[in-house]
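Visitor: Next comes the sequence, and after it the predicted model I'd like to discuss.
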Amino acid sequence: MLRIHLSPAQRDELRTRTRQPGLAPRTRDRLEMLRLADAGWHVPQIARHLGYHVQTTRKYLKAFLAEGFDRLPDRPRPGRPARVTAA
């Protein structure tokens, strides 16, 4: 069983990060996973509620425990940048 208990400072940071303009939808979902886990929800409940697989939910909760908030957004994709521009 995966238990997450956030400190008051971490809860404030979670609230601040959730309200950032331009936040990617997947990052917002991962922050919501964290909030629900802190509220006492079990991983299968969180996964069902947000429409994710249980393993995906567990992956991001464990990533938070290991690396903190900075691990929740998507990492840059490897490879050459796109050559097509807006112009």
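Guide: Great, that's in hand.

Visitor: got the buried residues for stretch 41-57?
Guide: Residues 41, 43, 46-47, 52, 57 are the ones in stretch 41-57 that count as buried (16 or more other CB atoms under 10 Å). C-beta: built from backbone N, CA, C; applies to glycine.

Visitor: Show me which pair in the residues you listed is furthest apart.
Guide: Trp41 and Tyr52 (12.9 Å; CB to CB).

Visitor: Can you give me every residue that contacts the spatially most central residue of the chain?
Guide: For the chain, the residue nearest the mean C-alpha position is Arg30 (2.2 Å; CA atoms, centre = their mean). Counting by CB atoms under 8 Å, 6 or more residues apart in numbering, Arg30 touches 60, 72-73.

Visitor: try 7 Å this time
Guide: 60, 72 (CB atoms under 7 Å, 6 or more residues apart in numbering).

Visitor: And Leu31, by the same measure?
Guide: Shown in contact with Leu31 (CB under 7 Å, 6+ apart): 14, 17-18, 72.

Visitor: ok, which pair from those residues is furthest apart?
Guide: Using CB to CB, those reach their maximum pairwise distance at Thr18 and Leu72, which is 10.7 Å.

Visitor: which of those two has more neighbours?
Guide: Comparing Thr18 with Leu72 by other CB atoms under 10 Å, the one with more neighbours is Leu72, at 22 against 14.

Visitor: circling back to that earlier point, out of the contacts of Leu31, which one has the lowest pLDDT?
Guide: Within the set of those, pLDDT is lowest for Leu72 (87).
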